[in-house]
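Undergrad: kindly return the folded structure for what I paste below:
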Amino acid sequence: MIDADRNYHIPKLTLHEVYPLTPFLIGKDASTPPLNVIDVGANTGLWAAAFFNVFGEWIARYEAFEPMPANVARFSSRPHYAGKANLHAVCVGAEQGEAEINFHAEMTTTASVVMKRMKYRATVVNNDRSRKVPQVSLDDMIDKWGWNRVDLIKIDVEGYEWSVLQGLGKALGAGKVDNILFEFGIYQTVQGQTLKQFYELLSGHGFKIYKQMISKNYYGLNLISHYSPALEVTEDQPEMFMLLATRKEPSPAYVGPRVVGRVN
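TA: Numbers count the residues shown, from 1 in each chain. Okay, here's the model as predicted:
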């Protein structure tokens, strides 16, 4: 959980989450095709700013979703992507309709459909306020836009990731999505969800799964070549990290810092 509106997070997000995507987004000849990107849980736009800083010149369409009005207002004010990002003030889930979102402050990174009390290490947030918001599914939106290819979907929705993926089944089955970057961790565990559940769903659609790794001298994505119970997050050992599900192999044209490794 990060402060909702601090620009100093942009370099950290660039280093930890955005730049390691490079080998999966550039082509075999080192070119980068026009990118169709979906950002679910856009918040105040810090992640989008980091992404535009790295890939801005190659973005064809950037569709962002954020249901909290104060976050929407802040997102819309950022200069990084002025006129280049389309922002939808709605929630994303398994189907079109309405959702009730829980929150503790109007501008926040921890608004959640499924989590009313969020505890991660020393941080506790009580989402003791709520409001109903419109909800859409990604399948419906992708059909509406007429997209045949989605280069990247980023999902960071505080424990609601599984529902977002349930609303993407049609596009996944049709092979339209190349990369999905999503948060996984303790908020899934406390709902009874497992890494195995996500791994089997996505590998069943032809994706390989990479885990975000952060250490003193390495920031990258490491391949999970096979599922292992040892990878599960427990309440005794809470974690939060990003997973990349990808149909792509790392580009042989990538020549930057080492950002791809192996978990097992």
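Undergrad: okay, buried residues for stretch 179-191 please.
TA: By neighbour count on 16 or more other CB atoms under 10 Å, the buried set for stretch 179-191 is Asn179, Ile180, Leu181, Phe182, Glu183, Phe184, Gly185, Ile186, Tyr187, Gln188, Thr189, Val190. Yep, even glycine has a C-beta here, placed from its N, CA and C like the rest.
Undergrad: so where do the helices sit in the stretch 101-250 of the chain?
TA: Counting by DSSP state H, counting those that start in this stretch, the stretch 101-250 of the chain has these helices, from start to end: 138-145, 161-166, 169-173, 186-189, 195-203.
Undergrad: relative to Gly175, how far out is Ile26?
TA: As judged by CB to CB, to the nearest Å, Ile26 and Gly175 stand 20 Å apart.
Undergrad: between these two, which one's more packed in?
TA: Ile26 (20 against 12; other CB atoms under 10 Å).
Undergrad: list the residues that contact the more buried one.
TA: Ile26 sits next to Thr32, Ser251, Ala253, Tyr254 when contact means CB atoms under 8 Å, 6 or more residues apart in numbering.
Undergrad: could you dump the residues you listed to a markdown table with neighbour count, pLDDT and secondary structure?
TA: Output for the contacts of Ile26, formatted as a markdown table (neighbours: other CB atoms under 10 Å; pLDDT from 0 to 100; DSSP: H, G, I helix; E, B strand; the rest coil):
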| residue | neighbour count | pLDDT | secondary structure |
| --- | --- | --- | --- |
| Thr32 | 16 | 90 | coil |
| Ser251 | 19 | 97 | coil |
| Ala253 | 13 | 96 | coil |
| Tyr254 | 17 | 96 | coil |
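Undergrad: show the pLDDT at Ser217.
TA: Residue 217: Asn, not Ser. The model reports Asn217 with a pLDDT of 89.
Undergrad: low-confidence ranges, this protein, go.
TA: For the chain, residues meeting the criterion pLDDT under 70 lie at 1-5.
Undergrad: farthest residue from the center of it?
TA: Note on the chain: the largest C-alpha distance from the chain mean falls to Asp29, namely 26.8 Å (CA atoms, centre = their mean).
Undergrad: quick check: phi and psi on the residue nearest to that residue when sequence neighbours are not counted?
TA: Nearest residue to Asp29, sequence neighbours excluded (CB to CB, 6 or more residues apart in numbering): Ala253, at 5.9 Å. Note on Ala253: backbone dihedrals following degrees, to the nearest 10 are phi -80, psi -10.
Undergrad: likewise the one 3 residues further on?
TA: Per-residue torsions, Gly256: phi -80, psi -160 (degrees, to the nearest 10).
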